[in-house]
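Novice: please find the sequence and the predicted model below.
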Amino acid sequence: MNNILQVKHLKETYKDKKQEFQALDDVSFTIDQGEILALLGPNGAGKTTIVSIIGGYLIPTSGHVILNGQDITTARKRPNIGVSFGGDLGFYRNATAKQNLQFFADLAKVPLRKQNKEIERVLSIVDLLNVANKKVGELSKGMTQRLHIARSLLNNPNLLLLDEPTSGLDVEIAQSVQKTIKNLSDSGISVLLTSHTMSEVEKLAKRIVILGAGKVFFTGTINAVFSLAEKEVNQKPKNLEEAYLVLAPKLRRK
Ligand SMILES: Nc1ncnc2c1ncn2[C@@H]1O[C@H](COP(=O)(O)OP(=O)(O)OP(=O)(O)O)[C@@H](O)[C@H]1O
Ligand SMILES: [Mg+2]
């Protein structure tokens with residue numbers, strides 16, 4: 001079996017003082033070695049919740065996450081999985097890109113004497129070596145997004161979880177990030193990608209998981225989702241966006 005990751009029957013119930021909310025209900029899927037699997041679904045479907053559980057930031061109410069055959073659901077040590085939530089948060093804006101990565105290299109347990117090399121390696125993958133000594137607060141959105149990916153690559157994980165890595169980027173920069181993701185996967189790294197950009201998903205992923213209201217609505221190839229949409233409306237969808245829009249009404253939370 002070449003599954004690098006198995007997600008089994010995940011449930012997540014968020015509880016605050018007054019109420020409970022079931023964000024995930026029996027979510028299962030697998031990711032193969034070197035595969036880019038896209039996780040799709042409307043706002044609030046549960047994508048980030050899944051990323052947080054696999055990344056070890058959130059303990060599921062029930063269910064299991066198996067990485068390379070080992071159950072990591074309640075592991076004491078954070079697994080070597082690269083996680084990028086993206087956005088403006090997560091870096092010290094007054095420190096340089098390099099200083100930020102030094103901090104995260106410590107957290108990722110990169111030995112001190114290897115840190116400079118490792119930071120150069122990850123900055124070069126995302127083409128940011130030239131801004132290593134710039135303050136993060138002075139970087140553009142696209143550069144910050146790429147810095148998030150660089151951070152997730154510290155300590156050479158073979159699984160990356162990229163939560164909306166191109167959200168808010170211009171078309172050209174988004175394309176360069178997509179290329180980076182493709183290259184990483186070509187080098188054998190497995191990727192779980194969440195995205196609302198269907199053209200990006202079509203370009204990068206062969207298989208997708210569509211989530212609706214915390215449940216897996218569909219798992220399969222892009223071609224299979226085309227067939228599913230075609231059955232609904234008796235018309236071949238032109239692209240993934242069209243297919244997704246056919247299915248979207250079924251994905252809403254009641
Ligand atoms: N800490 C929390 N406490 C309570 N409810 C939460 C919490 N985090 C998320 N939720 C709820 O759980 C559901 C799933 O949220 P999640 O962020 O996983 O969705 P998502 O698919 O990533 O959405 P988006 O596409 O908008 O990023 C949402 O209804 C959200 O409001
Ligand atoms: Mg999200």
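Specialist: Arrived safely, thanks for sending. Ligands and ions are numbered 1, 2, ... in the order given.
Novice: pull the residues that contact the longest helix seen in the chain.
Specialist: Criterion DSSP state H: the longest helix present in the chain is helix 171-186. Applying CB atoms under 8 Å, 6 or more residues apart in numbering, the external contacts of helix 171-186 come out as 34-36, 125-127, 142, 145-146, 149, 153, 160, 162, 165-166, 169, 191, 193, 197, 200, 203-204. Every C-beta, even on glycine, is put in place using the N, C-alpha and C of the backbone.
Novice: and if you look at stretch 152-163?
Specialist: By CB under 8 Å, 6+ apart, stretch 152-163 touches 4-5, 31, 33, 47-48, 51, 54-55, 67, 80-86, 101, 104-105, 108-110, 118-119, 121-122, 125-126, 149, 181, 184, 188-194.
Novice: which ones among those also lie next to ligand 1?
Specialist: Applying CB under 6 Å from any ligand atom to the contacts of stretch 152-163, one finds that K47, T48 fall near ligand 1.
Novice: which of the contacts of stretch 152-163 are buried? Put it as a PyMOL command.
Specialist: In PyMOL, a selection of the buried entries from the contacts of stretch 152-163 looks like this (16 or more other CB atoms under 10 Å):
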select buried, resi 4+5+31+47+48+51+54+55+67+80+81+82+83+84+85+86+101+104+105+108+110+118+119+122+125+126+149+181+184+189+190+191+192+193+194
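Novice: hmm, back to that, pLDDT on the longest helix of the chain, on average?
Specialist: For helix 171-186, the mean per-residue pLDDT is 94.
Novice: which element follows that helix toward the C-terminus?
Specialist: Later in the chain than helix 171-186, the nearest helix or strand by DSSP states H and E is strand 190-194.
Novice: neighbouring strands - and their directions - for that next one?
Specialist: strand 36-40 (parallel), strand 159-163 (parallel) (DSSP bridges).
Novice: please compute how far the longest helix of the chain lies from its chain's middle.
Specialist: Its chain's average C-alpha position is 14 Å from that of helix 171-186, according to CA atoms, centre = their mean, to the nearest Å.
Novice: for stretch 125-132, same thing?
Specialist: 21 Å.
Novice: for that stretch, C-alpha coordinates in PDB please.
Specialist: Presented in PDB, the C-alpha positions along stretch 125-132 are these (Å, rounded to 0.1, in the frame of the first residue of the first chain):
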ATOM      1  CA  ILE A 125      12.500  26.500  -3.300                       C
ATOM      2  CA  VAL A 126      10.000  29.400  -3.100                       C
ATOM      3  CA  ASP A 127      12.300  31.900  -4.800                       C
ATOM      4  CA  LEU A 128      12.700  34.200  -1.800                       C
ATOM      5  CA  LEU A 129      16.400  34.100  -1.200                       C
ATOM      6  CA  ASN A 130      16.600  37.700  -2.400                       C
ATOM      7  CA  VAL A 131      14.300  39.000   0.400                       C
ATOM      8  CA  ALA A 132      15.800  36.900   3.200                       C
END
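Novice: show me what counts as buried in that stretch.
Specialist: Buried-residue list, stretch 125-132, by 16+ other CB under 10 Å: I125, V126, L128, L129, V131, A132.
Novice: ok, those vs ligand 2, which is closest?
Specialist: V126 (21.5 Å; CB to the ion).
Novice: my read: that closest one touches T144, true?
Specialist: No. Applying CB atoms under 8 Å as the test, V126 and T144 come out as separate, 10.8 Å apart.
Novice: quick revisit: just the buried ones out of the contacts of helix 171-186, please.
Specialist: Buried among those (16+ other CB under 10 Å): 34-36, 125-126, 142, 145-146, 149, 153, 160, 162, 165-166, 169, 191, 193, 197, 200, 204.
Novice: need the strands for the stretch 51-200 of the chain, in chain order.
Specialist: Using DSSP state E, counting those that start in this stretch, the strands of the stretch 51-200 of the chain run over residues 62-67, 70-71, 82-84, 159-163, 190-194.
Novice: who does the closest residue to ligand 2 within the stretch 151-254 of the chain bridge with?
Specialist: In the stretch 151-254 of the chain, the residue that lies nearest ligand 2 is D163 (5.9 Å; CB to the ion). With DSSP bridges applied, D163 shows beta-bridge pairing to T194.
Novice: cheers, nothing more for now.
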